[in-house]
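Q: Can you look at this prediction? I've put the sequence above it.
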Amino acid sequence: MLSPEPEPREPAVQPASVDHRYLASADSATKVELIAEVTDLGNAEAVNALGRLFQNERDTELKLALLATVMVRDESPAEQLAVYASGLWPVQPESVRRMAIEGLAVLRTPEAIATLRGLRFDADGEIRAAAAEALER
């Protein structure tokens with residue numbers, strides 16, 4: 001008896017191809033779909049790809065969506081930390097910085113805690129307060 005042929009598998013998503021399509025698109029809905037495509041990879045490469053998209057994104061709402069997506073990952077804390085660190089830059093909108101602080105609070109690695117402690121000396125009082133609150137949890 002012959003065993004059935006395996007179902008053809010769809011090719012794995014290539015993050016570089018998603019990067020290109022994401023950067024080429026001006027449509028927010030398309031970008032959200034591409035974020036979901038990358039997320040389906042479910043590995044450190046996916047978090048790195050999300051980080052690259054975050055760094056190139058100018059729209060605050062999409063930046064928040066990217067950070068929220070990174071926040072639900074749990075398989076690559078070092079890569080998550082790098083994305084959150086990008087979200088903490090003083091040039092980022094306050095809402096993005098706050099979301100990055102939340103990500104660090106959820107991550108709770110020694111490096112994340114050290115980063116939160118450092119934010120207690122940020123020039124922005126709101127960010128200092130958010131970091132102190134995250135450390136208290």
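A: That came in fine, so what should we check first?

Q: Rank the helices and strands of the chain by mean pLDDT and give me the bottom one.
A: Least confident helix or strand, the chain: helix 15-24 with a mean of 88, by mean pLDDT, DSSP states H and E.

Q: quick one, helices of the protein?
A: 15-24, 28-39, 44-56, 60-71, 77-87, 94-107, 110-118, 125-136 (DSSP state H).

Q: Could you check stretch 33-51 and say which residues are buried?
A: Of all the residues in stretch 33-51, those buried under the rule 16 or more other CB atoms under 10 Å are 34-35, 37-39, 41, 45-51. C-betas here are computed from N, CA, C, even on glycine.

Q: Out of those, which is nearest to residue 131?
A: Among these, residue 51 lies closest to residue 131 (CB to CB), at 20.8 Å.

Q: Would you check that that closest one makes contact with residue 81?
A: No - in this structure residue 51 lies outside contact range of residue 81 using CB atoms under 8 Å: 10.0 Å.
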